[in-house]
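Enquirer: got a sequence here, can you model it:
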Amino acid sequence: MKKNDLNKLIALFLVLGLFASCTAKKEALDISTKEKEVFNSNAEEQVEIKNEETEYEITIIEPGFYTWLQSIARPEGYYSQSFLENRNRLMVINWNQRVLQPQRFNPNLYELQINYDPNIDYGYEVNYKLYNYFIYFQRKYNQRLGPFIPRI
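Expert: Numbers count the residues shown, from 1 in each chain. Got it, this is the predicted structure:
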């Protein structure tokens, strides 16, 4: 096979690959009726995420999140702390990038940066609640903060 023919073949595969990736179906989220009701709820109950030892604290005042956390999210202990830390690290990076681009991402959704230092052990509870907030947020507002589909 000539070099020119090989280059044409490679270009053809690249075009076909690009076409296939552009036409691939996005996987739809499977959101139950109960979860939709929670998303549409106006009940506000704040959720505090804090660790006294590290003096780390986030207060989430998002209608429905407390109810979602109590009734729909996986229970504490379901995920390992290392799993939660790895996912949180990735989602915080994406979150903070969106905060810095208000012309591209809705500034009403991405208001404040999150100061999450991967070298600090925030403990299980902080990582659990932060992770679940990210899942809740992505599912409710149809957002993606990483390459993973936000599943429960």
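Enquirer: hang on, residue 90 packs against residue 131?
Expert: No. Counting by Cβ atoms under 8 Å, residue 131 is not a contact partner of residue 90; they are 10.5 Å apart. Quick note: C-beta positions are derived from backbone N, CA and C, even for glycine.
Enquirer: those two: who's more crowded?
Expert: Set side by side, residue 90 and residue 131 show more neighbours around residue 131, with 20 against 15, by other Cβ atoms under 10 Å.
Enquirer: can you classify the more buried one by secondary structure?
Expert: Three-state assignment for residue 131 (DSSP: H, G, I helix; E, B strand; the rest coil): helix.
Enquirer: what sits against it?
Expert: For residue 131, the residues meeting the contact criterion (Cβ atoms under 8 Å, 6 or more residues apart in numbering) are 79, 84, 87, 88, 91.
Enquirer: so which of the residues you listed are in strands?
Expert: Counting by DSSP state E, none of the members of the contacts of residue 131 fall within strands.
Enquirer: any idea how far residue 133 is from residue 127?
Expert: Between residue 127 and residue 133 the computed distance is 11 Å (Cβ to Cβ, to the nearest Å).
Enquirer: which of the two has more neighbours?
Expert: residue 127 (25 against 22).
Enquirer: buried sites along the strand or helix carrying the more buried one?
Expert: Secondary structure assignment for residue 127, by DSSP states H and E: helix 124-141. Along helix 124-141, these residues count as buried under the neighbour rule (16 or more other Cβ atoms under 10 Å): 124, 126-140.
Enquirer: tell me which stretches of this structure form helices.
Expert: 3-23, 33-39, 65-71, 81-99, 124-141 (DSSP state H).
Enquirer: off-centre distance for the last one?
Expert: So that's helix 124-141. For helix 124-141, the gap between its own C-alpha mean and the chain's C-alpha mean amounts to 7 Å (Cα atoms, centre = their mean, to the nearest Å).
Enquirer: average pLDDT for that helix?
Expert: Per-residue confidence for helix 124-141 averages out to 96 on the pLDDT scale.
Enquirer: that helix vs helix 81-99, what angle?
Expert: With axes from the mean of the first three to the mean of the last three Cα atoms, to 10 degrees defining the directions, helix 124-141 sits at 50 degrees from helix 81-99.
Enquirer: pull the CA atoms of helix 124-141 into CSV?
Expert: In CSV, the C-alpha atoms belonging to helix 124-141 read as follows (Å, rounded to 0.1, in the frame of the first residue of the first chain):
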residue,chain,number,x,y,z
TYR,A,124,-16.4,10.7,55.2
GLU,A,125,-19.4,12.8,56.0
VAL,A,126,-18.2,15.9,54.2
ASN,A,127,-17.2,13.9,51.1
TYR,A,128,-20.5,12.0,51.2
LYS,A,129,-22.7,15.1,51.3
LEU,A,130,-20.7,17.0,48.8
TYR,A,131,-20.7,14.1,46.3
ASN,A,132,-24.5,13.7,46.7
TYR,A,133,-25.1,17.4,46.2
PHE,A,134,-23.2,17.2,42.9
ILE,A,135,-25.3,14.2,41.9
TYR,A,136,-28.5,16.0,43.0
PHE,A,137,-27.5,19.2,41.1
GLN,A,138,-26.6,17.4,37.9
ARG,A,139,-29.8,15.4,37.9
LYS,A,140,-32.1,18.3,38.8
TYR,A,141,-30.5,20.8,36.3
